[in-house]
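A.B. asks: Fold the following, please.
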Amino acid sequence: MSLYLHYSAISDVGRVRRENQDSGYAGPWLLTVCDGVGGAVRGDLASSTAVQALRKLDQEPDEDILGQVAGAIHRADDRIAELVEEDPGLNGTSTTATVALFDGTRFGLGHIGDSRAYLYRRGELRQLTHDHTFVQSLIDEGRITEEQSRSHPHRNLILKALDGIRHEEPDLFEVPAEVGDRIFLCSDGACGTLTPERMADILSTGTPDFAAVEMVRASLEAGSTDNVTCLVADVAEEAPPEDLAPLLVGAAADLPRRMPLAGAVGGLFRGHRSGDTGEIPPVPGDVPEGAFPGDPIDAEAARYAPRDPGRHRWLRRLLVIAVLAGLAWIVLAAGWSWSQQQFYVGEQDGKVAIFRGLNADLPGVSLSHVYEVTDVDLDRLSDIEAETVREGIEADDLDEARLTVDNYAARQDVDAG
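C.D. replies: Numbers count the residues shown, from 1 in each chain. Presented below is the predicted three-dimensional model:
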């Protein structure tokens, strides 16, 4: 028996970021989320480029479902490589990719990065994907817990991503589908903030529209500082409504979708950043083969026009130089302050003297100066004592230096008597 997907997708820029680097796509055969890696060059371009390539999977798969998923992920990686080759200023751009391809009886999943796929089945939530992150490796080794990973200082360190350079192999696996299953895909703006218990609670009720909206709302209210993208799909025996067309959301979207989901989306998310959710109207079905609305090398050319990589470069260099100079000055000031707390006994014009600073010199720089000149004559000391004074006698402090001088003065007086 062939089953169907009833799906929804939503993406929000969040309350902190200026731009949405997430992209998502939901259709009758395909669900996918890509998250431009934070801090990387043009993460929005990487995620949208990947989704535009992956969405070509949205048709009934053949028997080799995992082969199709792997091939699409590799083509997305190749497309990013082409962009970097065309514009070296994009070197470093990268994205995660989580893909679920449905054939009516099973899901073929491909995964790379830290976006996630979950299965909610018969009241239980199961994480299907495994994060390719530094903190996940710590969890695997038993060094930290899942809860501790949410606040770990290196929680955003991604070990594998699509960057067009390393050509990483994705995780590939199949999951049999059952009537009543709910599939949930999201960027780490949601799963990095919400606990599994909270996600399960949201997924336990409502339509896919309602669950997707509530996931985004809950993530933002829980303090997510990232973009948030959520896709929810139900496996059902009955076909979805005829007007349920594919959804393209986030950075990959052409135009914002003004129609509120479940009667709540427009007002809810517009208030967070005075902007849109990044959703668009249903993708039209008469798109020419091989062409897709929003392709960043065509319809979105203006939005993704290359930026001059050298813009303000001189200012950045000046700031770096200023910071380095400031750090050097702090180190030198601290060293000089410490040196002026050191004392030693030495010779000055034939007299025993107390010096302040270090008993050493650098080419052209003296690290000490005379603090006190005593009346102890060097030529009235023994040859060994005089040579010892000329070489310098270290003292822990001024009192110890004066005690050393007093000892030599006493010997001088004894010799005179």
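A.B. asks: Go ahead and confirm residue 208 touches residue 236.
C.D. replies: No: using C-beta atoms under 8 Å, residue 208 makes no contact with residue 236, being 10.2 Å away. Glycine gets a C-beta too; all of them are placed from N, C-alpha and C.
A.B. asks: Overlap of the contact sets of the two?
C.D. replies: Residues within reach of residue 208 and of residue 236 at once, by C-beta atoms under 8 Å, 6 or more residues apart in numbering, are residue 6.
A.B. asks: neighbour count winner among the two?
C.D. replies: Neighbours were counted for residue 208 and for residue 236 using other C-beta atoms under 10 Å; residue 208 has more, 26 against 14.
A.B. asks: what residues are up against the more buried one?
C.D. replies: Applying C-beta under 8 Å, 6+ apart, we find residue 208 in contact with 6-8, 182, 232-234.
A.B. asks: Please determine how far it is located from residue 33.
C.D. replies: Computed as C-beta to C-beta, to the nearest Å, the residue 208 to residue 33 distance reads 15 Å.
A.B. asks: The residue nearest to residue 162 when sequence neighbours are not counted: what secondary structure?
C.D. replies: Nearest non-adjacent residue to residue 162, counting by C-beta to C-beta, 6 or more residues apart in numbering: residue 77, 4.6 Å away. Three-state assignment for residue 77 (DSSP: H, G, I helix; E, B strand; the rest coil): helix.
A.B. asks: who touches residue 77 in this structure?
C.D. replies: Listed by C-beta under 8 Å, 6+ apart, the contact set of residue 77 reads 50, 162-164, 167-168.
A.B. asks: Show me which of those is closest to residue 96.
C.D. replies: Nearest to residue 96 among the contacts of residue 77, counting by C-beta to C-beta, is residue 162 at 7.5 Å.
A.B. asks: For the closest one, name its beta-bridge partners.
C.D. replies: In this entry, residue 162 is beta-bridged to residue 95, by DSSP bridges.
A.B. asks: my read: it touches residue 132, true?
C.D. replies: No: using C-beta under 8 Å, residue 162 is not in contact with residue 132, being 11.1 Å away.
A.B. asks: Neighbour count for the two, which is higher?
C.D. replies: residue 162 (31 against 19).
A.B. asks: if I pick that one, what's in contact with it?
C.D. replies: Residue 162 is in contact with 34, 46, 50, 73, 76-77, 80, 94-97, 112-113, 168, counting by C-beta under 8 Å, 6+ apart.
A.B. asks: again, but for residue 239
C.D. replies: Residue 239 neighbours (C-beta under 8 Å, 6+ apart): residue 4.
A.B. asks: Nearest spatial neighbour of residue 130, chain-adjacent residues omitted?
C.D. replies: Using C-beta to C-beta, 6+ apart and skipping residues adjacent in sequence, the residue nearest residue 130 is residue 171, 6.5 Å away.
A.B. asks: From what I see, residue 17 and residue 220 are in contact.
C.D. replies: No: if you go by C-beta under 8 Å, residue 17 and residue 220 don't touch, sitting 11.6 Å apart.
A.B. asks: Now do the longest helix along the chain, average pLDDT.
C.D. replies: If you go by DSSP state H, the chain has its longest helix at helix 313-339. For helix 313-339, mean pLDDT rounds to 80.
A.B. asks: which regions of the chain lie under the pLDDT threshold?
C.D. replies: The chain contains residues with pLDDT under 70 at 38-41, 254-313, 364, 412-417.
A.B. asks: Do you have the helices of it handy? List them.
C.D. replies: 43-54, 65-86, 134-140, 146-149, 188-191, 196-203, 208-221, 265-273, 313-339, 383-391, 398-416.
A.B. asks: how about those helices in a markdown table, adding distance to residue 22?
C.D. replies: Below are the helices of the chain laid out as a markdown table (distance: least, C-beta to C-beta, whole Å):
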| stretch | distance to residue 22 |
| --- | --- |
| helix 43-54 | 6 |
| helix 65-86 | 15 |
| helix 134-140 | 20 |
| helix 146-149 | 20 |
| helix 188-191 | 7 |
| helix 196-203 | 17 |
| helix 208-221 | 11 |
| helix 265-273 | 13 |
| helix 313-339 | 27 |
| helix 383-391 | 70 |
| helix 398-416 | 65 |
